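> Need a 3D model of the following:
(one chain, ligands or ions: 1)
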Amino acid sequence: MPDLTPLAKFYKKTRQERIDTLEQAEWISEAQARILRESLGLSDNTASHMIENQLSLYQIPYGIALNFVINGKPYLIPMATEEPSVIAAASNAAKLVSLSNPDGFVTESLDRQMVGQIALTNVTEPDLAMLKVQKKEEELLTIANLAHPSIVKRGGGATSIQVKWIPANESNPDSFLVVYLTVDTKEAMGANMLNTMLESLVAPLEALIGGQRLMAILSNYASQSLVRATCVVKPQILASVTYSGELVRDKIISASNFARADIYRATTHNKGIMNGIDALVLASGNDWRAIEAGAHAYASQSGSYQPLATWSKDEDGNLVGEIVLPMPVGTVGGSIAIHPMAQLSHQLLGSPQAKELAQIIGALGLAQNLAALKALVTVGIQKGHMSLQAKSLLIACGATDEEIEPLTEALLKEPHLNQETAMTLLKAYRG
Ligand code: NDP
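Prediction:
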């Protein structure tokens with residue numbers, strides 16, 4: 001296991017020193033250090049093959065969160081984010097968790113399968129149609145697997161078929177017969193293999209039950225790719241000069257209950273969770289829109305939008321956090337193999353398999369929530385944001401590297417942290 005000692009005060013080092021430290025501690029190889037040092041990310045040539053009408057590259061800062069221990073294993077967590085304080089908050093919360101329990105976060109994958117759907121309209125005898133589909137399940141699965149045989153060779157493939165009738169009603173004039181295909185996509189997110197399999201089933205289904213294809217597509221409601229992450233934090237770890245640990249614990253639990261009761265809060269609660277999740281999903285080359293869509297749909301599964309992470313107290317008085325959400329990420333496919341930074345992220349994480357990656361992302365989301373709630377119920381969220389906010393304001397006003405450091409301190413002392421104040425200070429500094 002790499003030595004973690006040199007990572008102390010990592011945030012105080014320069015960018016070059018951080019990369020040197022990671023290389024010396026053998027977290028990264030010489031080649032990886034070079035990619036970071038020289039910012040050798042995506043080349044224009046590769047980018048031009050990834051999207052249409054490509055003009056340039058849009059850059060986002062890339063950093064690492066520290067202090068993460070998940071199921072007893074330490075991780076450096078790569079994060080691509082433009083938002084100040086996100087990485088510091090995650091690292092801070094991860095420290096609280098690992099100080100409470102040396103095994104850190106406890107995570108598990110509840111399943112790892114993807115679901116796609118074929119919607120047929122104009123099905124005249126839905127009950128009979130559903131029976132026919134159920135009876136022919138094995139044959140239909142064989143057709144799906146023959147459409148993408150390589151996933152079967154990898155030990156995956158189509159595993160089951162469900163069918164549902166959605167009748168027309170007052171608010172929806174159309175009725176649909178929906179066939180759901182479940183596929184074990186192994187290390188891939190599986191959008192393309194699922195779509196291929198689904199399309200192969202359209203003609204056989206139309207022949208079997210009548211009706212017409214409306215569409216055949218993967219669902220991003222990845223209800224069969226759930227991850228769970230939990231953590232326990234001892235109250236004394238939450239204590240500060242101003243607040244007892246028990247008070248902070250109880251307020252965090254109350255904040256969790258508030259998110260259960262109020263959609264305005266639940267949405268922001270979940271946005272904070274996605275601050276971490278999106279940053280790692282993006283850094284790992286995965287499709288963050290798919291993860292966002294699935295997460296919010298899952299948050300609404302009860303019919304009311306709910307917090308994805310919740311907090312309670314165990315019988316020893318410890319704070320206990322839990323997050324459950326769909327996490328259908330892959331370690332192959334999409335842009336993962338072709339984006340050098342996605343490859344580097346994967347190596348930084350110790351080359352996890354898809355299930356392990358999903359669990360790391362779940363733990364990161366829970367850490368992000370802990371950090372946000374702890375700040376909200378104690379000092380407030382602005383305190384931690386102010387330093388980076390001041391720097392952003394100065395950069396927006398045109399301050400140079402040499403001007404940013406002294407002017408940040410001055411700006412933080414001002415009663416109003418805004419662009420006007422930043423500009424006034426900058427003008428005064430330049431004489
Ligand atoms: P790919 O289409 O790249 O498919 C994954 C590939 O990885 C397969 O071709 C497979 O090769 C290969 N592979 C290698 N090793 C393994 C392994 N161990 N397990 C599984 N596959 C392996 O990617 P996905 O199908 O995962 O699709 C992801 C992309 O699809 C993302 O970029 C996403 O943005 C996009 N997308 C998303 C949609 C959505 O979310 N609704 C819709 C459409 C596209 P082989 O063929 O030899 O088996």
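> When you work out contacts or count neighbours from here on, use the C-alpha atoms and nothing else.
Will do.
> hmm, stretch 323-337 in reach of the ligand?
Yes. Legend: contact between stretch 323-337 and the ligand by C-alpha under 6 Å from any ligand atom is shown at 332, 333, 334, 335.
> Serialize those to JSON lines and add fields for pLDDT.
Shown next, in JSON lines, are the residues of stretch 323-337 next to the ligand (pLDDT from 0 to 100):
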{"residue": "332", "pLDDT": "96"}
{"residue": "333", "pLDDT": "92"}
{"residue": "334", "pLDDT": "88"}
{"residue": "335", "pLDDT": "89"}
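> From the chain's centroid, how far away is the helix or strand of the chain with the lowest mean pLDDT?
Using mean pLDDT, DSSP states H and E, helix 382-396 stands out as the lowest-scoring helix or strand of the chain, at a mean of 78. Here helix 382-396 shows a centroid-to-chain-centroid distance of 25 Å under the convention C-alpha atoms, centre = their mean, to the nearest Å.
> buried residues in the following helix or strand past it?
Sequence-wise, the next helix or strand downstream of helix 382-396 (DSSP states H and E) is helix 401-413. Within helix 401-413, the residues that count as buried by 16 or more other C-alpha atoms under 10 Å are 404, 407, 408, 411, 412.
> tell me the contacts of the second one?
This means residue 407. Contacts for residue 407 (C-alpha atoms under 8 Å, 6 or more residues apart in numbering) come out as 394, 425, 426.
> Let me know how buried the first one is, in neighbour terms.
Here the number of neighbours of residue 394 (other C-alpha atoms under 10 Å) works out to 26.
> where's it relative to residue 11, distance?
Computed as C-alpha to C-alpha, to the nearest Å, the residue 394 to residue 11 distance reads 20 Å.
> same thing with residue 107?
The spacing between residue 107 and residue 11, counted by C-alpha to C-alpha, is 27 Å.
> what does residue 142 give?
Taking C-alpha to C-alpha as the measure, residue 142 falls 54 Å from residue 11.
> Likewise for residue 44?
Residue 44 is 31 Å from residue 11, by C-alpha to C-alpha.
> Same check on residue 180?
Counting by C-alpha to C-alpha, the gap from residue 180 to residue 11 is 48 Å.
> Those two: who's more crowded?
Of the pair residue 180 and residue 11, residue 180 is the one with more neighbours under other C-alpha under 10 Å, namely 21 against 11.
> what pairs with the helix or strand harbouring that one, and is each one parallel or antiparallel?
Assigned by DSSP H and E, residue 180 belongs to strand 176-184. If you go by DSSP bridges, strand 176-184 pairs up with strand 114-121 (antiparallel), strand 157-166 (antiparallel).
> Out of those, which is the most enclosed?
Mean neighbour count, computed with mean count of other C-alpha atoms under 10 Å, is highest for strand 114-121 among those, reaching a mean of 23.
> any chance you could map the helices in the stretch 301-431 of the chain?
Along the stretch 301-431 of the chain, the segments classed as helices by DSSP state H, counting those that start in this stretch run 340-348, 354-377, 382-396, 401-413, 419-430.
> Any idea which of the ones you listed has the lowest pLDDT on average?
Lowest mean pLDDT within the helices of the stretch 301-431 of the chain: helix 382-396, a mean of 78.
> Flag every residue of the protein that's near the ligand.
150-151, 185-193, 218, 220, 287, 290, 332-335.
> from those residues, which ones fall inside helices?
Of the positions in the residues of the chain next to the ligand, 150, 151, 191, 192, 193, 290 sit in helices, assigned by DSSP state H.
> Output those residues as a markdown table; include the columns neighbour count and pLDDT.
Below are these laid out as a markdown table (neighbours: other C-alpha atoms under 10 Å; pLDDT from 0 to 100):
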| residue | neighbour count | pLDDT |
| --- | --- | --- |
| 150 | 13 | 97 |
| 151 | 21 | 97 |
| 191 | 19 | 95 |
| 192 | 15 | 94 |
| 193 | 21 | 96 |
| 290 | 20 | 97 |
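> Hmm, residue 54 and residue 48 touching each other?
Yes. With contact defined as C-alpha atoms under 8 Å, residue 48 counts as touching residue 54 (5.4 Å).
> what are the ranges of the strands in the stretch 1-150 of the chain?
For the stretch 1-150 of the chain, the strands defined by DSSP state E, counting those that start in this stretch cover 62-70, 73-80, 106-109, 114-121.
> Need the ones you listed in a markdown table (columns: mean pLDDT and distance to residue 360).
Formatted as a markdown table, the strands of the stretch 1-150 of the chain follow (pLDDT from 0 to 100; distance: least, C-alpha to C-alpha, whole Å):
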| stretch | mean pLDDT | distance to residue 360 |
| --- | --- | --- |
| strand 62-70 | 97 | 7 |
| strand 73-80 | 97 | 8 |
| strand 106-109 | 98 | 8 |
| strand 114-121 | 98 | 19 |
